[in-house]
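Q: What follows is a predicted structure for the sequence shown.
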Amino acid sequence: MTRHDRVLPSAIEAIGDTPLVELARLGRELDGRILAKLEYLNPGFSKKDRIARQIIEDAETDGRLRPRQTVVELTSGNTGTGLAIVCGIKGYPFVAVMSTGNSTERTRMMRALGAEVVLVDQAPGSVRGQVSGDDLALVEQETQRIVTARCAFRADQFRLTGNMRAHYLHTGPEILRQSAGRLDAFCDFVGTGGSFAGCAAAFKEHNPAIGCFVVEPEGAAALKGQSVTNPGHRIQGGGYSMRTLPLIESVHVDGYLTVPDADAVTWARRLAKEEGIFAGFSSGANVAAAAQLLRATYRGKTVVVMMCDSGLKYLSTDLWP
Ligand SMILES: Cc1ncc(COP(=O)(O)O)c(C=O)c1O
């Protein structure tokens, strides 16, 4: 019996178990298959609900989080939305610290879900809608200040292993089950690297030959070791120009792919029009990267990607003209 066949005690139990859909229409022009995990169908409309639940429940289990203690985290909006849902249901006050560069839908949604949202001005020269590594450094400073001031639990998505464990324990195994283990590659646009690391660990354990590729914005491919020329790219939720990410250090990376902003936008729009999948910039970037693989070394093969969040989160941007 799946969770769809019974009454659930709360929306927390409605997190995960998302469908895996073949992008058959987009696949017509490609030699091979793209399978898309519809993570925008989570209660907070993104894959980050999963890590919110895992991080909070891990901390409850080992006593790092006390009843009614305040939870604080830096977010581009999606982790904050997940935490707002999980903390709201479990009775922890939640403070989301976010750059003003992220879309306004995110702030409004987190506030609706009961979160306190602290907005941090962007670094001088930054562009609204384009959150750079410098912007994120300012958000980090403010987050640390609030954690200390409120004796709060930091749901630190860049460091806590609950982030990758959510995907290692659930997302990866779900994909393996749904595809009957028949996938050749996985490529994932990284922010914290949690979904890449967790899924890649699960896939490699099943079959070390499954190729796992990190996706970065063109001009901000810092993990690939390139110099950063476009820190203010448009692919929200990642591409922060960090040279290392703690969570991906334990996982083998088969390669690094870069996606120009324009390709992320084109594929996000095509996903909506041709596949009925209304997702965001990073989902477009993931499909753009999968198409690169199918046109080169993975011709004729099956590539899995995440549809990270909902296109509704970008209605105020020019993603949807
Ligand atoms: C829309 C979106 N795409 C991609 C990512 C990157 O995911 P991860 O942090 O697991 O690398 C995030 C992370 O916040 C996100 O919000």
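A: Received the coordinates, thanks. Just so you know, these numbers come straight off a predicted model, no measurement behind them.
Q: use CA for all of it now, contacts and neighbours both
A: Fine.
Q: quick one: the helices in the stretch 51-200 of the chain?
A: Under the criterion DSSP state H, counting those that start in this stretch, the stretch 51-200 of the chain contains helices at 78-90, 104-112, 133-149, 162-166, 172-178, 194-206.
Q: Quick one, which of the ones you listed gets closest to Leu30.
A: Using CA to CA as the measure, helix 172-178 is the one of the helices of the stretch 51-200 of the chain that comes nearest Leu30, at 21.5 Å.
Q: The helix or strand bottoming out on mean pLDDT in the chain and the ligand, any residue contact?
A: Lowest by mean pLDDT, DSSP states H and E among the helices and strands of the chain is helix 104-112, with a mean of 91. No. Residues of helix 104-112 are not located near the ligand by CA under 6 Å from any ligand atom, the shortest gap being 10.3 Å.
Q: Tell me which other helices or strands that helix touches.
A: If contacts are counted by 3 or more CA pairs under 8 Å, 6 or more residues apart in numbering; DSSP states H and E, helix 104-112 sits against helix 78-90, strand 116-120.
Q: ok, residues contacting the last one?
A: Contacting residues not belonging to strand 116-120 are listed as 94-100, 107, 110-111, 138-139, 142 [CA atoms under 8 Å, 6 or more residues apart in numbering].
Q: how does it look with 10 Å?
A: 72, 74, 77, 80, 84, 93-102, 106-108, 110-111, 135-136, 138-143, 146 (CA atoms under 10 Å, 6 or more residues apart in numbering).
Q: Cys212: which of the helices of the stretch 51-200 of the chain is closest?
A: Nearest of the helices of the stretch 51-200 of the chain (CA to CA): helix 194-206, 6.0 Å.
Q: ok, the closest one near the ligand or not?
A: Yes. Helix 194-206 is in contact with the ligand by CA under 6 Å from any ligand atom, via Gly194, Ser195.
Q: Convert the very next helix or strand once past that helix to PDB, retaining C-alpha atoms only.
A: Per DSSP states H and E, the first helix or strand lying C-terminal to helix 194-206 is strand 211-217. These are the backbone C-alpha positions of strand 211-217, laid out as PDB (Å, rounded to 0.1, in the frame of the first residue of the first chain):
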ATOM      1  CA  GLY A 211      27.300   8.200 -14.700                       C
ATOM      2  CA  CYS A 212      26.700  11.100 -12.300                       C
ATOM      3  CA  PHE A 213      27.200  14.600 -13.500                       C
ATOM      4  CA  VAL A 214      27.200  18.000 -11.700                       C
ATOM      5  CA  VAL A 215      25.500  20.800 -13.600                       C
ATOM      6  CA  GLU A 216      26.600  24.400 -13.300                       C
ATOM      7  CA  PRO A 217      25.700  27.700 -15.000                       C
END
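Q: any idea of the pLDDT on the closest residue to the ligand within the stretch 1-150 of the chain?
A: Proximity of the stretch 1-150 of the chain to the ligand (CA to the nearest ligand atom) peaks at Asn78, 4.9 Å away. Asn78 is assigned a pLDDT of 94 by the prediction.
Q: Ok, Asp134 next?
A: 86.
Q: Isn't it up against Tyr240?
A: Yes. Between Asp134 and Tyr240 there is a contact at 8.6 Å, judged by CA atoms under 10 Å.
Q: Find residues that contact each of these two.
A: Joint contacts of Asp134 and Tyr240 (CA under 10 Å, 6+ apart) are Pro231, Gly232.
Q: and those two? which has more neighbours close in?
A: Using other CA atoms under 10 Å, the more surrounded residue of Asp134 and Tyr240 is Tyr240, with 28 against 17.
Q: circling back to that earlier point, for Asp5, which of the helices and strands packed on helix 104-112 is the nearest?
A: Comparison of the helices and strands packed on helix 104-112 against Asp5 by CA to CA identifies helix 78-90 as nearest, at 22.0 Å.
Q: helices and strands around the closest one, which ones?
A: Helix 78-90 makes packing contacts with helix 48-61, strand 71-74, strand 94-99, helix 104-112, strand 116-120 when contacts are defined by 3 or more CA pairs under 10 Å, 6 or more residues apart in numbering; DSSP states H and E.
Q: Which of these has the lowest mean pLDDT?
A: Note on those: lowest mean pLDDT is at helix 104-112, with a mean of 91.
Q: about what we covered before: please convert the helices and strands packed on helix 78-90 to JSON lines, extending it with distance to Cys199.
A: JSON lines is the format used below for these (distance: least, CA to CA, whole Å):
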{"stretch": "helix 48-61", "distance to Cys199": "13"}
{"stretch": "strand 71-74", "distance to Cys199": "23"}
{"stretch": "strand 94-99", "distance to Cys199": "26"}
{"stretch": "helix 104-112", "distance to Cys199": "26"}
{"stretch": "strand 116-120", "distance to Cys199": "30"}
